[in-house]
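Asks: My questions concern the predicted model and sequence given below.
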Amino acid sequence: MAKAVNIARSHRMDGIGEYYFSRRLRELAEIEATTGRQIVKLAMGSPDLPPHQSVIDRLAKEAQRPDVHKYMSYQGEPILRKAFADWYKKWYHVDLDFKSEIYPLIGSKEGIMHLCMTFLNPGDKVLVPNPGYPTYSAGVKLAGGVMVPYSLNKATNFYPDFEAIEKAGLDGVKMMLVNYPNMPTGQTPTMDLFRKIIDFGAKHNILIIHDNPYSFIRNAEAPISIMAVEGAKEVALEQNSLSKAHSMAGWRVGVLVGKADWIKSVMTFRSNMDSGMFYPIQAASETALSLGEEWFKELNAIYYGREKQAYALLDALGCSYRKNQAGLFVWAELPEDYKGDSFSFSDEVIDKCDVFLTPGGIFGSEGERYIRITLCCPEELLKKATDNVLAKFRK
């Protein structure tokens, strides 16, 4: 028998833990299997609604073609790049050259990793929102970068405090990650905010990466893009996605837009990592991007109905929350008299009520007094969670 080899994983994995939801959902599944309890899971933001039927029909039709099962273009097919350019023009009033300023991604989550690997050298610093999407910090660390968290909190209306960021020092900062409408806080942007972000990046020679997947979900304002700011292409790149606004999370369709030279650099890196997206998915995405206002109205009517039930659940928990949040979640503050943090609160609600809420602490230290509830589940499930809480919490 061959002797077992002892292979250590690379140092780039140091400090990178298993994704919180991967670990926690596995633990909850074990609890259910061993105890028979049924836990209402209101944590992850995986859309449970299907895409528009025309999108599914287009996928099925295109998949019947005999000529679409080969490797696709590394740059993305013209049909999808043109559709994204038209979509940005229609909804965001941004002109983009589909030949050079549009780059489809296999989901925007991978885009974060590609951007970090393309632009960061070991030791380069990156401004990362706190609280913020955990993938941001993981991407920076895996690329050898150094995280420099900046706070988002009630005092600044969950916007960056540029004066405080400057005062803390910007030596070695090469990139800033920004996300509005924000996840997890649900805060919406303004064009004035976007102008300040662009001015900040230009002033300090910092590349701005704006992640923009939530602008069509529960957003009372018209969707806006940071790329609409004058001069933005010289300072920023923006990611977008069909996962949320078109209910296509499992299809893995995202996009990166911005200056041609930067897009080309990302493509150079990414072309060594995959071989492009299945053509029928790209064609079906063209159909999705052509959907009009009626689609978003119908989708949001469902999410707003769920929002009302989420508010009832939060009221039962004694949590406080801001209304008019955008996106697929509700961000809520723990009861004032609760002495623990978000993790202990989440555990207590699981233990007493069989309801799993996301502890805000997974998004950073500024989230330690918050929880997050997903709206990616039927109203009936939110109602069941509310009934469980009313019957058992703090009894």
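Replies: Arrived safely, thanks for sending.

Asks: Residue 99 contacts residue 81, correct?
Replies: Yes - the criterion here is CB atoms under 8 Å, and residue 99 meets it with residue 81 at 7.2 Å. C-betas here are computed from N, CA, C, even on glycine.

Asks: Could you measure from residue 281 over to residue 248?
Replies: 9 Å (CB to CB, to the nearest Å).

Asks: separation between residue 66 and residue 121?
Replies: Counting by CB to CB, the gap from residue 66 to residue 121 is 46 Å.

Asks: neighbour-wise, which of the two wins?
Replies: Legend: neighbour count by other CB atoms under 10 Å for residue 66 and residue 121, higher for residue 121 (9 against 5).

Asks: what's near enough to touch the more buried one?
Replies: residue 144 (CB atoms under 8 Å, 6 or more residues apart in numbering).

Asks: Just want the phi and psi numbers for it.
Replies: phi -100, psi 160 (degrees, to the nearest 10).

Asks: what are the bridge partners for residue 175, then?
Replies: Beta bridges link residue 175 to residue 126, residue 207, judged by DSSP bridges.

Asks: is it true that it touches residue 204?
Replies: No - using CB under 8 Å, residue 175 is not in contact with residue 204; the gap is 11.0 Å.

Asks: between those two, who's got more neighbours?
Replies: Applying other CB under 10 Å to residue 175 and residue 204 shows that residue 175 carries more neighbours, namely 23 against 15.

Asks: nearest residue to residue 211 other than its sequence neighbours?
Replies: Once flanking residues are discounted, residue 211 sits nearest to residue 179: 4.3 Å by CB to CB, 6 or more residues apart in numbering.

Asks: quick one: the one you found from residue 276, how far?
Replies: Residue 179 is 26 Å from residue 276, by CB to CB.

Asks: Between the two, tell me which one has more neighbours.
Replies: Per other CB under 10 Å, whichever of residue 179 and residue 276 has more neighbours is residue 179, with 23 against 18.

Asks: any idea how far residue 183 lies from residue 319?
Replies: Taking CB to CB, one finds residue 183 at 18 Å from residue 319.

Asks: Run through who's touching whichever strand or helix holds residue 27.
Replies: Using DSSP states H and E, residue 27 sits within helix 20-35. Residues outside helix 20-35 that contact it (CB under 8 Å, 6+ apart): 17, 37, 38, 39, 41, 43, 44, 134, 350, 356, 362.

Asks: hmm, who's touching the helix or strand just after it?
Replies: Remark: after helix 20-35, the chain's next helix or strand is strand 40-42, criterion DSSP H and E. Outside strand 40-42, the residues that touch it by CB under 8 Å, 6+ apart are 25, 28, 313, 354-358, 373-374, 377, 381-382, 384-385, 388.

Asks: and if you look at stretch 191-211?
Replies: 108, 112, 115, 119, 127, 133, 159-160, 162, 165-166, 170, 173-180, 224-229, 231-232, 234-239, 262.

Asks: Return the set of buried residues in that stretch.
Replies: For stretch 191-211, the neighbour count (16 or more other CB atoms under 10 Å) marks 193-195, 197-198, 200-201, 206-211 as buried.

Asks: any idea which of those is closest to residue 7?
Replies: residue 209 (33.8 Å; CB to CB).

Asks: Which secondary structure state is assigned to the closest one?
Replies: strand (DSSP: H, G, I helix; E, B strand; the rest coil).

Asks: what kind of secondary structure is the nearest residue to it once chain neighbours are set aside in?
Replies: What sits nearest to residue 209 in space, not counting adjacent residues and going by CB to CB, 6+ apart, is residue 177, at 5.1 Å. At residue 177 the chain is in strand, as set by three-state DSSP.

Asks: can you map out the strands along the protein?
Replies: 40-42, 102-105, 125-130, 146-151, 173-179, 207-211, 236-241, 254-258, 320-321, 329-333, 355-359, 370-374 (DSSP state E).

Asks: Mean pLDDT added to the ones you listed, as a markdown table?
Replies: Formatted as a markdown table, these follow (pLDDT from 0 to 100):
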| stretch | mean pLDDT |
| --- | --- |
| strand 40-42 | 88 |
| strand 102-105 | 95 |
| strand 125-130 | 98 |
| strand 146-151 | 96 |
| strand 173-179 | 98 |
| strand 207-211 | 98 |
| strand 236-241 | 97 |
| strand 254-258 | 97 |
| strand 320-321 | 96 |
| strand 329-333 | 97 |
| strand 355-359 | 94 |
| strand 370-374 | 96 |
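
Asks: Let's have those in JSON lines, adding distance to residue 285.
Replies: Listed next are the strands of the chain as JSON lines, based on distance: least, CB to CB, whole Å:
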{"stretch": "strand 40-42", "distance to residue 285": "29"}
{"stretch": "strand 102-105", "distance to residue 285": "8"}
{"stretch": "strand 125-130", "distance to residue 285": "28"}
{"stretch": "strand 146-151", "distance to residue 285": "33"}
{"stretch": "strand 173-179", "distance to residue 285": "22"}
{"stretch": "strand 207-211", "distance to residue 285": "19"}
{"stretch": "strand 236-241", "distance to residue 285": "11"}
{"stretch": "strand 254-258", "distance to residue 285": "9"}
{"stretch": "strand 320-321", "distance to residue 285": "34"}
{"stretch": "strand 329-333", "distance to residue 285": "24"}
{"stretch": "strand 355-359", "distance to residue 285": "29"}
{"stretch": "strand 370-374", "distance to residue 285": "24"}
